[in-house]
Structure formats: C-alpha cells, structure tokens
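In: I would like to see how this sequence folds:
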Amino acid sequence: DNGRVISFPPIINSNDIGNIGPQTMDVFVDVTGTNRAAVMTAVNVIAAALAERGGKIESVRIVYPDEVVVTPNMAPKQTVVRKSYVERISGIQLSEPHFKELLERARYDVLSVSGDEWSVAYPSYRSDIMHERDVAEDVIIAYGYNRVEPKLPEFMTKGGASKYTELENAVKDILVGTTAQEIATFTLTSRTVVEKARHSPVVVLQNPVTETFSIVRPALLPTVMDFLSANTGEDYPQLVFEVGDVVVSDNRSPTGTRTEQHVCYAIAGSGSTYTDIRQVMEYLLDQLGLQYSFQARDYPWYVPGRSAAVSIGGDRVGHIGEVHPSVLEDFGIGMPVAAFELNLRRLLEAI
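Out: Numbers count the residues shown, from 1 in each chain. Presented below is the predicted three-dimensional model:
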C-alpha cells in the first residue's frame, strides 16, 4: 500500500501499518512458530475470535516446495470418548439421549456411536482436548458440578511422609547438627564440571539450550566441588552437604539408566583430612543405627591410599576420601577437601 513494506514482526509496524482503529476494514493475521500444529491452532483461535465479533474470515493459500496449505482450516476436529469412562470418573449414570444432550450442550457434535465408543467433533480452535478425560470434564460441566452428589470413599487413608522422606529429613537434621550448610545445586550440569571431578557422563542431552546444562549429573560430588569452586573467596573451613538425584548406568533398565538419591558431604579447609570426614560419616551412620564397614579402595577423584568404599551388610553404599590435588587444581580450589557420598536408597533398605 503506497509503497510501504509490511514487517512481519508486528511490533515494528504496530503504530503505523499495523495500527488498528475504527476505520480499519481489513486485517492480515500472521502467526509464526516452530510447531505447525500450535501455529495452526493459534490462527484458528484468532480467526474464530474475529468472526465472533462480526468479521468475515478469508483464507490464505501458502505454497511450500512440497505442498500447498490453506489457512485457517476451520474444519472441526474429531476424537472418541467412552460413555462408561465418563460415568466411571464422574459417578453419574447417564442414558444415551441424556449423554448426547450433554455433549451437544458442551458444543460437541456426535458423529457416530459404536457400542460404548462415541465419535464426536469439536471446534477447530480448541487445543485443550488431548484425552477423553477432557471431554468428560466438559460433560460434567454441562451436567453441573453442583448436581453431582458427593460420595465418601469406601476406605479411609491417612496421608504421611514416605519412609524415604523420613530418612532424608533425618539425614539433613543430623548433618545440620555438624554445623554444615545444606546446598542445592542443579541436577543438570556441564561436561566440564563432571570431567573435572574425574567422573564420566551418563546422560547427555541431545539438544541442550546451553552447554552449562547439557548433562544429567552422575553423582553429587562434581556439583558440590563446583559450588566450593565458586566460593573460594569465603571464609574457611567450609562444611557443606547436599541431598539430591543423580543418574547412573543400569543395563537392566529399558533406558539404560537409573535415578538414585544420594547425599554428599564435603569439608574444605586447611588440614581437612580423611579422619575428619570419616568422623562425620560415622556419626551419621551411628545416628541412623546402621552397622557399616570400610574397605580400602582407590577412586580417580580421591588421593590414592586415602579413600575407601563404604558397605552395609556386604552391600556397597558409597565412598569416602580426600579429594585428589589435580581435581582441586582443575576447580581452582586452594584448600584441601575431604568428602563422602552415600546412596540413600541403599541406606533405607538397610534400616
């Protein structure tokens, strides 16, 4: 129009070509996105809203290299709902005529009925119908929530914390009693952090938003070390612990991985030794009433000869040791660090 160029980012021409006033007779609607289904639904919603206000909807023919698409496509969508399913989750017994009436009241058109399955059509601008439960909700709304008679459950249950939650809370209370500070780091981390802690990545995201959060941590120690690395300017000694999820390899799992809940405790400061961290671990396990044992074992992230595996009833549940100087150097930590990490699920099985 008059040699002017329309910019598809609407904010650029919102007060010029895109300015809509009482004199506006034609409106061109553009929706851009990375998901075609979402874009088409958005176009339908806008078109339906304009039509409801008296507008006349005209279609646009979009030519792609391999197909031609006409938008908006206001053809009704279709889905299937079982009458017995609606009755089961609502507690309402409905005759077929009454069920059909409620569907139509909720703006569904009944296309066919095959036994218990009802094929229905609904407006193209609705994107919230993803399961027959959504249709059931509309039927109940049409019936009237206030008309549904409340019914007490046939059995009573009492809510409460799970055994694991009770253990987790107990562990936190015990470790806070050692004057340690609880921290919470992200489950996602970077390959750099994991490899600096001499661990191997297990789950790598296919399309990470950023390299900083591209790997699911295989242990808590890498992210705890990263936390200590970010706080080298604070006073020492630093006593920190974290309870959280990790992902480890499991060939028996369909995904090849398994999520575990661990606790990691670290002491950073001059003179932090294996003896110091073992005192904390023994205090924790003693308070939980567990019988445990230590077996000398070397780990890539600990000083050789200054680390051990921890077992309960012959089952290995964690490790303990002094962090290797090369790991400290890679993280930029100038103080000795001693740490332990335990599998809380294994502890729960032993209690």
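
In: And the lengthiest helix in the chain, what does it pack against?
Out: The longest helix of the chain (DSSP state H) is helix 36-52. With contacts defined as 3 or more CB pairs under 8 Å, 6 or more residues apart in numbering; DSSP states H and E, helix 36-52 has no helix or strand neighbours. C-beta here means a position set from N, CA and C on the backbone, and glycine is covered the same way.

In: Show me which residues of that helix are buried.
Out: The neighbour-count check on helix 36-52 (16 or more other CB atoms under 10 Å) flags Met40, Thr41, Ala42, Val43, Asn44, Val45, Ile46, Ala47, Ala48 as buried.

In: tally of neighbours for Leu342?
Out: 25 (other CB atoms under 10 Å).

In: ignore the last one, Ile129
Out: Ile129, neighbours per other CB under 10 Å, totals 19.

In: mind checking pLDDT for it?
Out: Looking at Ile129, its pLDDT is 93.

In: rewinding a little: residues touching the longest helix of the chain, excluding its own?
Out: 27, 29, 31-33, 57, 71-74, 123-125, 127 (CB atoms under 8 Å, 6 or more residues apart in numbering).

In: Output the below-cut-off pLDDT ranges for the stretch 1-150 of the chain.
Out: 1-18 (pLDDT under 70).

In: in it, which spans are helices?
Out: With DSSP state H, counting those that start in this stretch as the criterion, the stretch 1-150 of the chain has helices at 36-52, 83-90, 96-105, 132-143.

In: which stretch among these comes nearest Gly160?
Out: helix 83-90 (26.3 Å; CB to CB).

In: Give me the residue at the spatial middle of this structure.
Out: Thr187 (10.5 Å; CA atoms, centre = their mean).

In: ok, now which ones touch the closest residue to that one other than its chain neighbours?
Out: Using CB to CB, 6 or more residues apart in numbering and skipping the chain neighbours, the partner closest in space to Thr187 is Asp245 (5.7 Å). Counting by CB under 8 Å, 6+ apart, Asp245 makes contact with Thr187, Thr259, Glu260, Gln261, His262.

In: May I have the beta-bridge partners of Asp245?
Out: With DSSP bridges applied, Asp245 shows beta-bridge pairing to Gln261.

In: quick one on the thing from earlier: who wins on neighbours among the contacts of helix 36-52?
Out: Pro72 (23 neighbours).

In: so it touches Ile57, yeah?
Out: Yes - contact criterion CB atoms under 8 Å: Pro72 and Ile57 qualify, at 6.7 Å.

In: what number of residues lie near Ala136?
Out: If you count neighbours by other CB under 10 Å, Ala136 ends up with 20.

In: pretty sure it is touching Val81, no?
Out: Yes - between Ala136 and Val81 there is a contact under CB under 8 Å: 6.8 Å.

In: Flag every buried residue along stretch 237-253.
Out: For stretch 237-253, burial by neighbour count (16+ other CB under 10 Å) applies to Gln238, Leu239, Val240, Phe241, Glu242, Val243, Gly244, Val246, Val247, Val248.
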